[in-house]
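> All I have is the shape, not the residue letters:
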Ligand code: G3P
């Protein structure tokens, strides 16, 4: 399962990468508006990061028509190279751009997906990823987790290699349920990474280990006894 961090700030990406086994980071136009530096400077930092780590970066186009999307995809690909996945929206022009980008050898994620048919059409158009927005689906009275479960099953049934990238989470439970469903990838906030691995029973056990150790060996460390 692939894990991405959904944020624009490079320091935050680096901090998550220091602690967790991530595959890269994802951005969208909304996320990029929150950048606290000029975007051109941010993009330079992104390029350095993906070259250093070999991880992937997801960047969304901002054009409305397929010609503009494809032109931006080409320029983004020239700049970031093969580590780029270009995000195209699940709208008519986005699917058109998807077919063209794939013919040009550019990796694509069809994003802002809210239904099975949008995802299925992305896979058939050759997309490498498709990103259902779990909480947004919940908020329109449907079931985001069940939608992803059904998309994953449909992709398996038809033999599509397109990966499902779950996005827009509100709870750790949603992430867990996507893992159970066999969802190939998720993109989550830095805070969610911390919540994924937090467990009060682990903390209680660790307190027990520390107490027992210090009672017997004081401030010495286990490596102090290697002679
Ligand atoms: O990756 C998609 C995500 O950034 C959208 O999340 O729920 O904050 O709109 P949301």
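Looks like it came in fine. Because the structure is predicted, anything quoted here is derived from the model rather than measured. Numbers count the residues shown, from 1 in each chain.
> going forward, measure contacts and count neighbours with C-alpha atoms only.
Will do.
> neighbours around whatever residue of the chain ends up closest to the ligand, how many?
Of all residues in the chain, residue 168 sits closest to the ligand, at 3.8 Å by CA to the nearest ligand atom. When neighbours are counted by other CA atoms under 10 Å, residue 168 registers 21.
> swap in the one 4 residues further on?
Other residues near residue 172 come to 16 when the count uses other CA under 10 Å.
> quick one, strands of the protein?
With DSSP state E as the criterion, the chain has strands at 2-6, 24-26, 56-60, 84-89, 108-113, 129-132, 163-166, 185-188.
> and the third one, is it in reach of the ligand?
No. In terms of CA under 6 Å from any ligand atom, no part of strand 56-60 sits within range of the ligand; the closest distance is 9.7 Å.
> coming back round to it: the residue of the chain closest to the ligand reaches residue 188, doesn't it?
Yes. Taking contacts as CA atoms under 8 Å, residue 168 lies within contact range of residue 188: 7.3 Å.
> for the top helix by length along the chain, the distance to its chain's centre please.
Assignment by DSSP state H gives helix 200-217 as the longest helix of the chain. A distance of 35 Å separates the C-alpha centroid of helix 200-217 from that of its chain, computed with CA atoms, centre = their mean, to the nearest Å.
> Same question for stretch 40-54.
Centroid separation between stretch 40-54 and its chain, computed with CA atoms, centre = their mean, is 17 Å.
> middle-most residue in this structure, spatially?
The residue lying closest to the centre of the chain (CA atoms, centre = their mean) is residue 187, at 2.7 Å.
> which residues does it bridge with?
Residues in a beta bridge with residue 187, per DSSP bridges, are residue 4.
> Near the ligand, which residues of this protein are found?
Selection of the chain residues close to the ligand by CA under 6 Å from any ligand atom yields 6, 135, 167-168.
> Between all of those, which two are separated the most?
Maximum pairwise distance in the residues of the chain next to the ligand, criterion CA to CA, is 14.6 Å, between 6 and 135.
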